[in-house]
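J.: got a structure for you, letters missing:
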Ligand code: RIB
């Protein structure tokens, strides 16, 4: 069993210095503090003993781990968290995992050395954070998971109402007359992707429409995933007249696939996304999307952390944020339900599809 003496020896400092670091007393330089914490992490020092020592030691740092900085949705969550943290005297340390679980674990371990006052985690695709995140909570560091949740997570959460958002989008398409719908989901072990699929299926079932398995495609939450899955959907017979995309990055891929297939949106295929990113307004046609506020996800997560930092020790909070439907030009009634165009006098062209 590692002792403080072992830690002192590994770190090359005195016992008193180890004690100062663990008890948060002043007079320890940052490099020495990090060396001691590095030694602590490399030993089998009992967390409970460590917890007693470290419980009182927290900096004004809040760590934030996101899965994909190239998806504009996540910088919005960071902005919300940073604004709320800064205005309350805290500083954010941002870590991007590229959906790589090993990278995620490395960030989680490294962040310990900053003795963060709190941690916000958006789990990577193949994440099982519960063990690592639980060890933070054992030393009194608040941990909030947002957007998608690790398996068996029992801590604080902030998510969007994914299911209802997807339900509203699908209802919209059905009310426009679409009967052959399809969806492209994110990775199905992510809670947000599964909730959106459930919302889509709920609307389909309520309208008593058929949904053959091949009209549900699982992809990655990015443009490439959307494009390749849409390529498969567009070759189905009957071809879907409307596609609900699990997020706007997937929807971008769908729009590209529709174009590459020589088809038109919305004349041949309507498309709705999820996130309502700024880019949704600039695509051609402008993308209809389910709006969720990444900014609010991040700022709400920091608000929960501040309550924990200020002593709230009550049960875990589970905040679910409303979504809203933003209708733009990427949806229209299916061609078959549009009134036939009146042929101009003497010109009996068939109505354009
Ligand atoms: O990570 C992909 C998606 O998860 C984002 O686009 C956003 O929808 C989040 O919920």
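T.: Cool, the structure landed. If you're wondering where the values come from, they're calculated on a predicted model, not measured in any experiment.
J.: Quick check: residue 200 touching residue 171?
T.: No: at 9.9 Å, residue 200 does not count as touching residue 171 under the criterion of Cβ atoms under 8 Å. Where C-beta positions appear, they are placed from N, C-alpha and C, glycine not excepted.
J.: And stretch 66-78, how far out from the chain middle?
T.: Relative to its parent chain, stretch 66-78 has a centroid offset of 8 Å by Cα atoms, centre = their mean, to the nearest Å.
J.: ok, back up a step: who's more crowded, residue 200 and residue 171?
T.: Of the pair residue 200 and residue 171, residue 200 is the one with more neighbours under other Cβ atoms under 10 Å, namely 25 against 18.
J.: Validate this expectation: that one resides in a strand.
T.: No: counting by DSSP: H, G, I helix; E, B strand; the rest coil, one finds residue 200 to be helix, located in no strand.
J.: contacting residues around it?
T.: Residues near residue 200 by Cβ atoms under 8 Å, 6 or more residues apart in numbering: 166-167, 169-170, 181, 183, 244.
J.: Give me the subset of those residues that lies in strands.
T.: 181, 183, 244 (DSSP state E).
J.: At the contact with the ligand, which residues of the stretch 151-300 of the chain appear?
T.: 186, 192, 221, 247, 274-275 (Cβ under 6 Å from any ligand atom).
J.: From those, which land in helices?
T.: Within those, residues falling in helices by DSSP state H are residue 192.
J.: Of the ones in strands among the contacts of residue 200 - the most surrounded one?
T.: Those, ranked by neighbours (other Cβ under 10 Å): first place residue 244, 32 neighbours.
J.: what sits opposite that one in the beta ladder?
T.: residue 183, residue 272 (DSSP bridges).
J.: So it sits against residue 174, correct?
T.: No: applying Cβ under 8 Å as the test, residue 244 and residue 174 come out as separate, 10.6 Å apart.
J.: what's near enough to touch the residue most central in space within the chain?
T.: Centroid check for the chain by Cα atoms, centre = their mean gives residue 147 as the closest residue, at 4.1 Å. By Cβ under 8 Å, 6+ apart, the contact list for residue 147 reads 77, 122, 158-160, 192, 297.
J.: Residue 182 too?
T.: Neighbouring residues of residue 182 by Cβ under 8 Å, 6+ apart: 215-217, 233, 236, 240, 242-244.
J.: try 7 Å this time
T.: 215, 233, 240, 243 (Cβ atoms under 7 Å, 6 or more residues apart in numbering).
J.: same question, residue 67
T.: 97, 99, 122-125.
J.: and of the residues you listed, the nearest to residue 113?
T.: residue 97 (17.8 Å; Cβ to Cβ).
J.: need the helices for the stretch 51-200 of the chain, in chain order.
T.: Per DSSP state H, counting those that start in this stretch, the stretch 51-200 of the chain has helices spanning 73-87, 101-112, 130-138, 162-175, 191-206. These are given in chain order.
J.: just checking, what packs against the first one?
T.: If I follow you right, that is helix 73-87. strand 61-66, strand 91-96, helix 294-309 (3 or more Cβ pairs under 7 Å, 6 or more residues apart in numbering; DSSP states H and E).
J.: Single out the most deeply packed of these.
T.: Of all the helices and strands packed on helix 73-87, strand 61-66 carries the top mean neighbour count, a mean of 25, counting by mean count of other Cβ atoms under 10 Å.
J.: tell me what that strand is packed against?
T.: Checking 3+ Cβ pairs under 7 Å, 6+ apart, strand 61-66 ends up next to helix 73-87, strand 91-96, helix 101-112, strand 118-121.
J.: angle of it against helix 294-309?
T.: Relative orientation of strand 61-66 versus helix 294-309 (axes from the mean of the first three to the mean of the last three Cα atoms, to 10 degrees): 140 degrees.
J.: what angle do strand 61-66 and strand 91-96 make?
T.: Using the same axes, to 10 degrees, the direction of strand 61-66 lies 20 degrees away from that of strand 91-96.
J.: so residue 153 makes contact with residue 145?
T.: Yes: under the criterion of Cβ atoms under 7 Å, residue 153 makes contact with residue 145 at 5.4 Å.
J.: Under the pLDDT cut-off, which ranges of this protein? List them.
T.: Scanning the chain for pLDDT under 70 picks out 1, 22-26, 41, 43-58, 126-132, 139, 337-353.
J.: what's the domain layout of it?
T.: As assigned by automatic domain parsing, the chain contains the domains 16-47, 56-160+295-322, 162-292+325-335.
J.: sorry, back to before: and the contacts of residue 182, which of them are in strands?
T.: Those of those lying in strands (DSSP E): residue 243.
J.: Save the contacts of residue 182 as a markdown table, and put in neighbour count too.
T.: Converted to a markdown table, the contacts of residue 182 look like this (neighbours: other Cβ atoms under 10 Å):
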| residue | neighbour count |
| --- | --- |
| 215 | 18 |
| 233 | 22 |
| 240 | 21 |
| 243 | 31 |
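J.: In helices only, show me the contacts of residue 182.
T.: Using DSSP H, these in helices are residue 233.
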